[in-house]
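Engineer: Dropping the sequence and predicted coords here.
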Number of protein chains: 2
Amino acid sequence: MDEILARVLAQLEPDGLDGEGQSWQQRKSVQTRIAILEAAIDCLGTHGYGRTTTQLIAEMAGISRGAMLHHYATKLDLIAGVADYTMYKRMEVFIHGVQSLPEAERVDRVSGLEIYWRSLLTREFRAYLELMIASRTDPELAQIFLPKARRYNHAELTEVVRAFPEWAANPDGYALAMDYCQASMQGLMLNADIWRPQARGPILRAFVAQTLAMLRTGALSPGA
Amino acid sequence: MDEILARVLAQLEPDGLDGEGQSWQQRKSVQTRIAILEAAIDCLGTHGYGRTTTQLIAEMAGISRGAMLHHYATKLDLIAGVADYTMYKRMEVFIHGVQSLPEAERVDRVSGLEIYWRSLLTREFRAYLELMIASRTDPELAQIFLPKARRYNHAELTEVVRAFPEWAANPDGYALAMDYCQASMQGLMLNADIWRPQARGPILRAFVAQTLAMLRTGALSPGA
DNA sequence: CGGCAAAAACCAACGTGCTTGTTTGTTTAT
DNA sequence: ATAAACAAACAAGCACGTTGGTTTTTGCCG
């Protein structure tokens, strides 16, 4: 099972970031590119897509703007790189998180939901969320973001399911469970700043975990 | 019951938009202001917060930019007006929608969820969502948006509950039900463009309706 | 092996277009 | 006449992409 998931990850790995390059220049290039992507992730997370400027990213990455535009010719090129990078990182973290769980904890205590929730608190998800939202109103961004997002989502449904053997016999249930987790947890994340008192978040998460467990055991079914 | 809800709405009504002004100029001013707000809503919905420009709003509203800045001195003033306006409109539509339901349909068939879902498909919600997201990374916007959003959310929990007498004896359950609806439906909305096939949305909505009904009847409880 | 040209990484300055808020002017209502 | 509604032009700032130039690495050829 682990090898299959490792192959899925390898297949999705972004291009141009294989740190194992031969020449010195190649390794340096990868290193700088990653610095740029990490800076862009921070910039997206703290300033949002609209106020993310090439100047700021370059400053955060510690290089000149000209140097950055050497690696990513245009801003959209850079954003495309960020999209690939964040999606890969998120999937990687999620898969590793689930794989590291003992089966009893994963199955009986629905810890997958908690793993997923924690993945929403990362810098990578903040950047991903900014891109997802912005792509709703920016046709140019949508053109590069949506295909990637759909590809990852498809991989999640057809491949990552192997990380959850308890769902193997019920692919429709797994799809619903995934959609359910994503929608409710992302929605919770968006409203967390508005809801008072803050305890409402954990209460909602407990309820979703409860219903999720019932979905898995068959006490609730998709078609009902 | 209807009078109480009407009073809640009246209490939340935005300032400076009472079309019943005395003088001709006052009525004209209100009319122009509403045209500006409606144009801003469209602009936010189609171009997003980052690309919403005063120029574009003025063009869409059919007046000059100078005229617009006479009614809303600064861009943030305008955005504040849009925030008030959209929140009011959304609550108004939701309350009227629920009130128009026969009790059997509201209680037995969980039609409140469908009403809420439809409210997410409106222009007003698109604009509201843009502001909510942007306020996460724009401190100036957060300062004017978050207090308003919290006020409306509080009103929803303490007042709008009267539109759902079946929840009267269970305020914690109502709060959870509302949070649950909002989080799952808003999350569904965000991911709808990514999920393929599109049938996944309705399936998820059916599942949420099912669990919501169980929450109301007590088959599932918040504290479990 | 040494040197040299090409390429890659990097930096700084320029020009264009856009956005915001101000200022000045014109018409219409009170 | 005074004030409000509306319009147009201006000034300052910002962001993007381009262009020209500098340093370091790489590969080739004598």
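Structural biologist: Structure received. As the structure is a computational prediction, the values presented were derived from the model and not from experiment.

Engineer: Tell me which residues touch residue A:86, please.
Structural biologist: A:41, A:124, A:125, A:127, A:128, A:131 (Cβ atoms under 8 Å, 6 or more residues apart in numbering or on different chains). For every residue, glycine as well, the C-beta is placed using N, CA and C.

Engineer: who wins for neighbours among those?
Structural biologist: Most neighbours among these, by other Cβ atoms under 10 Å in any protein chain shown: residue A:127, with 28 neighbours.

Engineer: Report whether the helix or strand containing that residue contacts chain B.
Structural biologist: For residue A:127, the element it lies in under DSSP states H and E is helix A:123-134. Yes: Helix A:123-134 comes into contact with chain B (Cβ under 8 Å from any Cβ of the partner chain), by way of A:129, A:130, A:132, A:133, A:134.

Engineer: for stretch A:147-163, same thing?
Structural biologist: Yes: Stretch A:147-163 is in contact with chain B by Cβ under 8 Å from any Cβ, via A:149, A:150, A:153, A:154.

Engineer: Tell me the residue of chain A that sits nearest DNA strand D?
Structural biologist: Closest residue of chain A to DNA strand D, Cβ to the nearest atom of the strand: residue A:24 (3.0 Å).

Engineer: any idea how far that residue lies from residue A:149?
Structural biologist: The spacing between residue A:24 and residue A:149, counted by Cβ to Cβ, to the nearest Å, is 35 Å.

Engineer: more neighbours, these two?
Structural biologist: The neighbour count for residue A:24 versus residue A:149, taken as other Cβ under 10 Å, is higher for residue A:149 (20 against 8).

Engineer: The helix or strand bottoming out on mean pLDDT in chain A - contacts with which helices or strands?
Structural biologist: The helix or strand of chain A with the lowest confidence, counting by mean pLDDT, DSSP states H and E, is helix A:103-108 at a mean of 88. Of the remaining helices and strands, none touches helix A:103-108 by 3 or more Cβ pairs under 8 Å, 6 or more residues apart in numbering or on different chains; DSSP states H and E.

Engineer: Now it: buried residues?
Structural biologist: For helix A:103-108, a neighbour-count test (16 or more other Cβ atoms under 10 Å in any protein chain shown) marks A:106, A:107 as buried.

Engineer: name the helices or strands packed onto the helix or strand following that helix?
Structural biologist: Under the assignment DSSP H and E, the closest C-terminal helix or strand after helix A:103-108 is helix A:111-119. In terms of contacts (3+ Cβ pairs under 8 Å, 6+ apart), helix A:111-119 is packed against helix A:75-99, helix A:171-191, helix A:200-217.

Engineer: any idea which of those helices is most buried?
Structural biologist: Ranked by mean neighbour count, these are led by helix A:171-191 with a mean of 21 (mean count of other Cβ atoms under 10 Å in any protein chain shown).

Engineer: tell me the average confidence for stretch A:191-205?
Structural biologist: Averaging pLDDT along stretch A:191-205 gives 96.

Engineer: Can you give the distance from that stretch to the centre of its chain?
Structural biologist: With Cα atoms, centre = their mean, to the nearest Å as the basis, stretch A:191-205 stands 22 Å off its chain's centre.

Engineer: Does stretch A:142-149 reach DNA strand D?
Structural biologist: No: shown here: stretch A:142-149 not in contact with DNA strand D (Cβ under 7 Å from any atom of the strand), separated by at least 12.9 Å.

Engineer: out of everything not next to it in sequence, what's closest to the residue nearest the centre of chain A?
Structural biologist: For chain A, residue A:90 is the residue whose C-alpha lies nearest the centre (Cα atoms, centre = their mean; 3.5 Å). Once flanking residues are discounted, residue A:90 sits nearest to residue A:124: 5.3 Å by Cβ to Cβ, 6 or more residues apart in numbering or on different chains.

Engineer: which residues touch the one you found?
Structural biologist: Contacts for residue A:124 were tallied using Cβ under 8 Å, 6+ apart; they are A:41, A:86, A:89, A:90, A:93.

Engineer: Just the buried residues of the residues of helix A:123-134 next to chain B.
Structural biologist: Buried residues within the residues of helix A:123-134 next to chain B, defined by neighbour count using 16+ other Cβ under 10 Å: A:129, A:130, A:132, A:133, A:134.

Engineer: Tell me who's in contact with the second one.
Structural biologist: The contact partners of residue A:130, taken as Cβ under 8 Å, 6+ apart, are A:44, A:45, A:48, A:49, A:52, B:133, B:137.

Engineer: among those, which are in helices?
Structural biologist: Mapping the contacts of residue A:130 onto helices (DSSP state H) picks out A:44, A:45, B:133.

Engineer: if I look at the closest residue to residue A:161 other than its chain neighbours, how far off is residue A:17?
Structural biologist: Leaving aside its chain neighbours, residue A:161 sits nearest to residue A:174 (5.2 Å; criterion: Cβ to Cβ, 6+ apart). The gap separating residue A:174 from residue A:17 is 30 Å, by Cβ to Cβ.

Engineer: What of residue A:166?
Structural biologist: Separation of residue A:166 from residue A:17 (Cβ to Cβ): 34 Å.

Engineer: The two: which has the busier surroundings?
Structural biologist: Using other Cβ under 10 Å as the criterion, residue A:166 and residue A:17 rank with residue A:17 on top: 17 against 14.

Engineer: three-state assignment of that one?
Structural biologist: Assigned state for residue A:17: coil (three-state reduction, DSSP: H, G, I helix; E, B strand; the rest coil).
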